[in-house]
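J.: Here you go, sequence then predicted model.
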Amino acid sequence: MNGMATFPLLSRVLHWLMAVMILAMLFIGLFMASSVGPDYHRLVALHRPLGIAILMLAILRVANRLRSSVPTLPEDLPRLLRRIATTSHILLYGLMIVLPFVGWGMLSAGGFPIPLWGQSLLLPPILPHNPALWSWLRSAHTILAFALFGLVLAHIGAALFHGLIRRDGVLRSMCAKEAPSPDLQEQKPV
Amino acid sequence: MRFPGNKASLPDVFADDNRIGSKPMAQKPAPPPILALRWLGVGAVPAALALAFLWAGGCFSPGRVTQNRLMGELHNAGSYGHGFRRAHAKGVCVSGWFDASGDASHLSRAAVFHEQHVPVIGRFALAVGQPYASDNAATVRSMALRFMPPDAPEWRTGMNDPPVLPLRDAHDVSDFFTAQQSDPATGKPDPARVKAFGATHPWLRSAADVNAHRFISSGFADDTFHSLDSFVLSAADGTTTAVRWTMIPTQPVTPSDAKAGDREYLFRELISDIHTHALHWHLMMTVAGPHDAINDPSQIWAQDDQTLDAGTLTLNSIESEDGGPCTGITFDPLVLPPGIQPSDDPILQVRSAAYMRSFSLRAGENRSSSAVTPTLIQTPESKKS
Ligand code: HEM
Ligand code: HEM
Ligand code: HEM
């Protein structure tokens, strides 16, 4: 099934919605963890539900990805680059699920109540109270967030490389709906 | 060819061949100067984001007070670290319960103001960075509490014994800790710096004066502890009320008389007091009057403000921090239940951020035993056996 020129609509919507959310989360996270006010508390209160929303969407997205057919990378792309592309996509999916779990888990281990929305709706703890684990996961949250940011930068660079240098349709496949294409029709399975 | 006919008008990023695996497409290299521009485009977006990220992290804002900066300043001011709290390092765990009187129940829907026998974990401490400091009557003392109603979100609060906080915002806090930096020659804060802090922060003078002349009680059990920061209570009907609160002891209050020679005299007394009888405090809510500053803890409130007795705290058990229930949590003043909200007092945010960072640092470090050891706390009976 590699006759499709672009990603299905749901995949594209999820990709761009989550791209905005994840970039926002990275900036909110870094900013709040290096400021002590006056927006610190408000940002922390926003960081938690937004992170949990990313977790939910990421699970939905992976499920959707596994059951939909997506375009393959151009065949003339060197094998190594394709490998890197596939691996980095798996890592991106992994981090958008692991990072919110680490955030949730670390607050559980730290014995904090975890308000999701307002003060009444709390998330249940997912790990036992364990201060050493809290400290370890708090560091892991930083390291994984920075890794995610690095991957996103490389990913954007790669997308622009496809779009501006190679001009091979890869960037377009995440931006536009399937265009009527004679090539495509030729490819339709018989 | 994808978009026949209008190729020239298309943005280049979209103008290209179909990505069909089986059909390698002809690449159309752009002329060199344009190619250079394109490469610039590829690099510019990630570079701009990376710069924005550094900005968010404070790299271009040297004046910003950050968690790391506060921890560094506490360290330079002599905070010991090594698994201990970065401030209020010398302490002991206590527990007991809280009984609401009902008198504050119309101001706040928080369960603590409505229920009886709400379990409480607490901690008494000296507001010093050194866990092995000698007890001293003049050192600020603190009471931190965690109220845990069985069916409602918990409430944490930390209170100190001076009546007002001579700090207004994050910059005051940072300047203050910097002024407290220990001089390598003496191991003590440089008096000139401390004086200079006073001179450059005249708006804190009246608060500092009040604290300098405060009454000092004999120990923890007869001490009065203040929220200092303001909070907003919200009632079931939606009305909100700005308050500060105070824990007032029912134990008879006597002035301090330092027991020279005993490094742990304050804690020893507290241990023997709790072992003799349960200790009680009234939680007094002070309702802000029309002229009281809600967003500035360095401003003293009017003397004739309305006060309400919200209920009685009972502490009947004491444990060392080594293995005690107050060690593995932080008393973040913004862990609040529905019915108690933060005010726009900036110090609350500073504290919340600093406590979380202090907690993550200390919880990852190896820690030696507390000055107040389990042995020190043994009851006379269990000592005999
Ligand atoms: C995709 C999801 C997430 C991303 C991208 C993300 C990103 C970040 C970043 C970049 C930081 C700053 C790290 C540092 O500089 O040390 C941070 C801190 C933090 N995050 Fe997340 N996070 C996510 C999900 C969550 C979730 C779900 C929670 C909790 C339920 C959470 C709780 C926290 C907390 C408590 C901090 C520390 C704040 C402080 O130190 O003052 N995060 N996060
Ligand atoms: C936080 C930001 C982003 C995240 C987490 C992210 C994540 C992902 C992931 C996981 C995929 C793999 C899709 C799959 O094959 O299953 C993907 C594909 C893609 N993304 Fe992103 N993305 C982000 C931002 C961007 C941006 C800003 C661009 C454009 C400049 C972009 C362009 C693309 C393109 C063109 C593809 C298709 C790659 C292919 O065909 O294999 N992404 N993205
Ligand atoms: C002005 C800025 C302040 C800063 C930066 C600050 C910083 C800290 C830090 C880092 C801790 C150790 C937290 C932990 O590791 O768990 C601490 C503990 C404490 N602070 Fe503050 N503090 C401030 C103001 C106050 C005020 C105004 C009060 C009281 C009204 C207060 C009461 C306490 C108490 C009671 C503790 C001990 C909590 C415990 O036993 O866990 N602090 N403070």
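T.: Noted; the coordinates are in hand. Ligands and ions are numbered 1, 2, ... in the order given.
J.: What residue in the stretch 101-250 of chain B comes nearest to ligand 1?
T.: B:Ala170 (13.7 Å; Cβ to the nearest ligand atom). All C-beta atoms are positioned from the backbone trio N, CA, C, and that covers glycine.
J.: Tell me, how many residues neighbour that residue?
T.: Look at B:Ala170: counted by other Cβ atoms under 10 Å in any protein chain shown, it has 24 neighbours.
J.: what's the nearest residue to it if we skip its chain neighbours?
T.: The shortest distance from B:Ala170 to any non-neighbouring residue, by Cβ to Cβ, 6 or more residues apart in numbering or on different chains, is to B:Val65 (4.2 Å).
J.: Strands along chain B, start to end?
T.: According to DSSP state E, chain B carries its strands in the segments B:90-100, B:118-126, B:141-147, B:155-160, B:225-226, B:231-234, B:240-249, B:279-287, B:307-319, B:340-342.
J.: Specify the angle between the longest one and strand B:141-147 in degrees.
T.: Counting by axes from the mean of the first three to the mean of the last three Cα atoms, to 10 degrees, strand B:307-319 lies at 90 degrees to strand B:141-147.
J.: Okay, now the sheet partners of strand B:307-319, with direction.
T.: strand B:90-100 (antiparallel), strand B:279-287 (antiparallel) (DSSP bridges).
J.: again with the second one
T.: Using DSSP bridges, the neighbouring strands of strand B:118-126 in the sheet come out as strand B:90-100 (antiparallel), strand B:141-147 (antiparallel).
J.: Next, format these as CSV and append mean pLDDT, mean neighbour count and distance to ligand 3.
T.: Output for the strands paired with strand B:118-126, formatted as CSV (pLDDT from 0 to 100; neighbours: other Cβ atoms under 10 Å in any protein chain shown; distance: least, Cβ to the nearest ligand atom, whole Å):
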stretch, mean pLDDT, mean neighbour count, distance to ligand 3
strand B:90-100, 98, 23, 5
strand B:141-147, 98, 25, 3
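J.: Distance to B:Val194 added to those, as TSV?
T.: Listed next are the strands paired with strand B:118-126 as TSV, based on distance: least, Cβ to Cβ, whole Å:
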stretch	distance to B:Val194
strand B:90-100	22
strand B:141-147	21
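J.: and stretch B:343-353, what's its mean pLDDT?
T.: The average pLDDT within stretch B:343-353 is 97.
J.: cool, stretch A:142-152 as well?
T.: 98.
J.: and what of stretch A:114-124?
T.: 95.
J.: can you tell me if stretch B:203-218 touches ligand 3.
T.: No - no part of stretch B:203-218 sits near ligand 3 under the criterion Cβ under 6 Å from any ligand atom; the closest distance found is 11.4 Å.
J.: Equivalent analysis for stretch B:116-124, please.
T.: Yes - interface with ligand 3: stretch B:116-124 contributes B:Arg123 (Cβ under 6 Å from any ligand atom).
J.: I'd like the distance from that stretch to the chain centre, please.
T.: Mean-position distance between stretch B:116-124 and its chain equals 18 Å (Cα atoms, centre = their mean, to the nearest Å).
J.: Buried residues in that stretch, which are they?
T.: By 16 or more other Cβ atoms under 10 Å in any protein chain shown, the buried positions in stretch B:116-124 come out as B:Val118, B:Val120, B:Ile121, B:Gly122, B:Arg123, B:Phe124.
J.: what does stretch B:357-365 give?
T.: For stretch B:357-365, using 16+ other Cβ under 10 Å, the buried residues are B:Arg357, B:Ser358, B:Phe359, B:Ser360, B:Leu361, B:Arg362, B:Ala363, B:Gly364.
J.: now for whichever strand or helix holds A:Ile28, which elements pack on it?
T.: A:Ile28 belongs to helix A:9-32 when assigned by DSSP states H and E. With contacts taken as 3 or more Cβ pairs under 8 Å, 6 or more residues apart in numbering or on different chains; DSSP states H and E, helix A:9-32 sits against helix A:40-67, helix A:131-160, helix A:170-175, helix B:32-56.
J.: mind running it again at 6 Å?
T.: Under the contact definition 3 or more Cβ pairs under 6 Å, 6 or more residues apart in numbering or on different chains; DSSP states H and E, helix A:9-32 sits against helix A:40-67, helix B:32-56.
J.: least reliable of these going by mean pLDDT?
T.: Looking at the helices and strands packed on helix A:9-32, the weakest mean confidence is helix B:32-56, a mean of 93.
J.: just checking, what packs against it?
T.: helix A:9-32, helix A:131-160.
J.: can you state the direction angle for that helix and helix A:9-32?
T.: Interaxial angle of helix B:32-56 relative to helix A:9-32 (the same axes, to 10 degrees): 50 degrees.
J.: Could you pull out the buried residues of helix B:32-56?
T.: B:Arg38, B:Gly41, B:Val42, B:Pro46, B:Leu49, B:Phe53, B:Ala56.
J.: what's across from the residue lying closest to B:Thr157 once chain neighbours are set aside in the sheet?
T.: Closest residue in space to B:Thr157, ignoring its immediate chain neighbours: B:Leu145 at 5.4 Å, by Cβ to Cβ, 6+ apart. With DSSP bridges as the criterion, B:Leu145 is bridged to B:Gly122, B:Thr157.
J.: Next up, the contacts around B:Leu145.
T.: B:Val120, B:Gly122, B:Thr157 (Cβ atoms under 6 Å, 6 or more residues apart in numbering or on different chains).
J.: switch to 8 Å and redo it
T.: B:Val120, B:Ile121, B:Gly122, B:Trp155, B:Arg156, B:Thr157, B:Gly158, B:Met159, B:Leu313, B:Phe331 (Cβ atoms under 8 Å, 6 or more residues apart in numbering or on different chains).
J.: Kindly report the same for B:Ala138.
T.: Contacts of B:Ala138 (Cβ under 8 Å, 6+ apart): B:Ile216.
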